[in-house]
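Undergrad: Using only what follows, build the 3D model:
(2 chains, ligands or ions: 2)
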Amino acid sequence: MLMMGRRGFLAAAGAVSVVTMMDRGIGRAWAQATGPFKLDPLGYATSALEPHIDAKTMEIHHDKHHATYVTNLNAAVKDHSQVASMPLQDILAKLGEMPDAVRTTIRNSGGGHANHTMFWQIMGPGGGAPTGDLKAAIDRDLGGVDAMKETFNGAGARVFGSGWVFVTVDKQGKLALESKPNQDTPLMEGKRVLMGNDVWEHAYYLTYQNRRPDYLKAWWNTVDWSKVGERYAAAKAGTLTI
Amino acid sequence: MAFELPPLPYAYDALDPYMSAQTLQFHHDKHHQAYVTALNNLIKDTPLADKPLEEIVKASYGDPSKQAIFNNAGQHWNHTLFWQMMKKGGGGSIPGELETKINEDLGGVDKFKEAFTQAGLTQFGSGWAWLVVDGGKLKVTKTPNGENPLVHGQTVLLGCDVWEHSYYLDYQNRRADYLKAYLDNMVNWEFVAELMHKG
Ligand SMILES: [Fe+2]
Ligand SMILES: [Fe+2]
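TA: Ligands and ions are numbered 1, 2, ... in the order given. Next up, the predicted model:
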């Protein structure tokens, strides 16, 4: 049904027009090309992660950077209805089969859309700590929470240029660390991402400038572990998407 | 002999408001310094330690075991040129001979600026936009991260750093505005013409 709806929507939309999304009650607005992919509002205020991530960074990062990925992704699939009707995780897993003319845009903007959607989801004011199954998996596969943070931050510091550090999770619940350049994601190898941190300079430059290690360290204070726990459960149930 | 960070050839506020003093301070004193420091540490006590910078860049390019050396050597080379490619009151008119060459090879100054801006905008992630001489002809190119035209056998005339650290404090996500300001208000065209004459 959803796929039919998307096709119908696309056909009706014709040329790309721009609508404006409003974030309820906050009054921020971002441009969004019509198409199958949508930029969801942040689930919390832009100031919710201060002082670790400042409100201006959150606003530009979500309303401008992420919005641009969504706009460009929608534009890329506009003339490829077959692709437009696929879920994003399937598009990324089949990057090699995408039409030549739009493959690079799909890689960059589709990856960017998936990565940032996950990023906003696993952060929040909730904080907390890993518990239960997730905690056990971190202890088993990544040497415990402290060791995981240290290895993760080391990988983040070593990304030369722009990129991401991820914790991936398989259907058995096994965790692994992986870093990727630019907007590449383990989804491109058919894997699932439990969580990840954006180490593009835009993610931290207004507050941390050249001090990426300080950002990496502070970022853990923004992680909402209940959200990560939900993703972990979904991964084991086979329902985790992007 | 260890490499040293060359001083900025103008005051930190020389490019203000197009590139703020704060941006130049971080970019030169922190980012460029970090590349120099990392490079020195990486080549210390290795056969590359006494080699000229250009040779290190070329020798480490495409060698996975020397990726970190290449990254930092490339960025030291790129930034050393980048500072000289800008000046207070830059942009402005292009020296005659260079303008003629731009007209001949790139279809005019406007077309060149458009192509250079496009190269900068489409360099996804971090990298550089370039104006180079390749086989006697001017060409606009782009490279990711620390890569540069040197490793492609081209002569650099102009380069613009499009890593976000170059413009984020002043322009945030508006890379296009930064590229426009670079071309119209910052480029030291006399230095670019000098590079062309040297070949
Ligand atoms: Fe980002
Ligand atoms: Fe730079």
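Undergrad: quick one: secondary structure of residue A:167?
TA: strand (DSSP: H, G, I helix; E, B strand; the rest coil).
Undergrad: State the distance from the residue lying closest to it once chain neighbours are set aside to ligand 2.
TA: Of all residues not flanking residue A:167 in the chain, residue A:194 sits nearest, at 4.5 Å (C-beta to C-beta, 6 or more residues apart in numbering or on different chains). Every residue, glycine included, has its C-beta placed from N, CA and C. Distance of residue A:194 to ligand 2, computed by C-beta to the ion, to the nearest Å: 32 Å.
Undergrad: for chain A, what spans make up the strands?
TA: A:18-22, A:29-33, A:163-169, A:175-181, A:192-198 (DSSP state E).
Undergrad: Which one of these has the poorest average confidence?
TA: Ranked by mean pLDDT, the strands of chain A end with strand A:18-22 at the bottom, a mean of 49.
Undergrad: number of nearby residues for residue A:43?
TA: 13 (other C-beta atoms under 10 Å in any protein chain shown).
Undergrad: next one: phi and psi at it?
TA: In terms of degrees, to the nearest 10, the main-chain angles of residue A:43 are phi -80, psi 10.
Undergrad: Likewise for residue B:160?
TA: According to degrees, to the nearest 10, residue B:160 has phi -120, psi 120.
Undergrad: Next, count neighbours for residue 84.
TA: You didn't pick a chain, so chain A it is. Residue neighbour count, defined by other C-beta under 10 Å, stands at 21 for residue A:84.
Undergrad: wrong one, I was asking about chain B
TA: Around residue B:84 there are 17 residues (other C-beta under 10 Å).
Undergrad: That one: what's its closest spatial neighbour, skipping adjacent residues?
TA: Spatial nearest neighbour of residue B:84, chain neighbours left out: residue B:191 (5.4 Å); criterion: C-beta to C-beta, 6+ apart.
Undergrad: what's the one you found in contact with, if anything?
TA: B:84-85, B:87 (C-beta atoms under 8 Å, 6 or more residues apart in numbering or on different chains).
Undergrad: just those residues now: which is nearest residue B:176?
TA: residue B:85 (19.2 Å; C-beta to C-beta).
Undergrad: quick one: contacts for the closest residue to residue A:202 other than its chain neighbours?
TA: Nearest residue to residue A:202 in three dimensions, chain neighbours excluded: residue B:164, at 5.1 Å (C-beta to C-beta, 6+ apart). Counting by C-beta under 8 Å, 6+ apart, residue B:164 touches A:162, A:200-202, A:205, B:126.
Undergrad: let's see it at 7 Å
TA: A:200-202, A:205 (C-beta atoms under 7 Å, 6 or more residues apart in numbering or on different chains).
Undergrad: One more: residue A:93?
TA: Residue A:93 touches A:187-188, A:190, counting by C-beta under 7 Å, 6+ apart.
Undergrad: Next: residue B:125.
TA: Counted by C-beta under 7 Å, 6+ apart, residue B:125 has contacts A:161-162, A:181-182, B:144.
Undergrad: Please, a PyMOL command that selects the buried ones among the contacts of residue A:93?
TA: To isolate the buried ones among the contacts of residue A:93 in PyMOL, judged by 16 or more other C-beta atoms under 10 Å in any protein chain shown, type:
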select buried, chain A and resi 187+188
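Undergrad: Let's see which of the contacts of residue A:93 end up in helices.
TA: Among the contacts of residue A:93, no member falls in helices (DSSP state H).
Undergrad: closest to chain B among the contacts of residue A:93?
TA: Nearest to chain B among these is residue A:188, at 14.8 Å by C-beta to the nearest C-beta.
Undergrad: quick one: residue B:43 and residue B:70 touch, right?
TA: No - taking C-beta atoms under 7 Å as the definition, residue B:43 is not a contact partner of residue B:70, at 11.1 Å.
Undergrad: more crowded one of these two?
TA: In this view residue B:43 and residue B:70 are compared by other C-beta under 10 Å, and residue B:70 has more residues nearby, 25 against 21.
Undergrad: so how far is residue B:151 from the more buried one?
TA: 8 Å (C-beta to C-beta, to the nearest Å).
Undergrad: Next, the buried residues of stretch B:83-95.
TA: B:83-87, B:90-91, B:94.
Undergrad: Distance from that stretch to the middle of the chain?
TA: The chain centre lies 14 Å from the centre of stretch B:83-95; the measure is C-alpha atoms, centre = their mean, to the nearest Å.
Undergrad: ok, back up a step: look up how far ligand 2 lies from the residue nearest to residue A:202.
TA: Residue B:164 is 9 Å from ligand 2, by C-beta to the ion.
Undergrad: Residue A:193 too?
TA: From residue A:193 to ligand 2 the distance is 29 Å (C-beta to the ion).
Undergrad: got the contact list for that residue?
TA: So residue A:193 contacts A:118, A:166, A:168, A:185-187 (C-beta under 7 Å, 6+ apart).
Undergrad: Leaving out sequence neighbours, find the closest residue to it.
TA: residue A:166 (5.1 Å).
Undergrad: Quick check, the one you found in contact with residue A:186.
TA: Yes - look at residue A:166 against residue A:186 with C-beta under 7 Å: they come within range, at 5.7 Å.
Undergrad: Sort out for me which of the contacts of residue B:191 are in helices.
TA: Those of the contacts of residue B:191 lying in helices (DSSP H): residue B:84.
Undergrad: mind putting the contacts of residue B:191 in JSON lines, pLDDT and distance to ligand 2 included?
TA: Formatted as JSON lines, those follow (pLDDT from 0 to 100; distance: C-beta to the ion, whole Å):
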{"residue": "B:84", "pLDDT": "98", "distance to ligand 2": "14"}
{"residue": "B:85", "pLDDT": "98", "distance to ligand 2": "12"}
{"residue": "B:87", "pLDDT": "98", "distance to ligand 2": "18"}
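Undergrad: Enumerate the residues of chain A near chain B.
TA: Counting by C-beta under 7 Å from any C-beta of the partner chain, the residues of chain A close to chain B are A:60, A:64-65, A:108, A:160-162, A:181-182, A:200-202, A:205-206, A:209-210.
Undergrad: if we go to 6 Å?
TA: A:60, A:64-65, A:108, A:160-162, A:182, A:201-202, A:205, A:209-210 (C-beta under 6 Å from any C-beta of the partner chain).
Undergrad: residue boundaries of the strands in chain B?
TA: B:127-134, B:137-144, B:155-161.
Undergrad: Can I get these in CSV including mean pLDDT, distance to residue A:53 and mean neighbour count?
TA: Conversion of those to CSV gives the following (pLDDT from 0 to 100; distance: least, C-beta to C-beta, whole Å; neighbours: other C-beta atoms under 10 Å in any protein chain shown):
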stretch, mean pLDDT, distance to residue A:53, mean neighbour count
strand B:127-134, 98, 25, 23
strand B:137-144, 98, 26, 18
strand B:155-161, 98, 25, 23
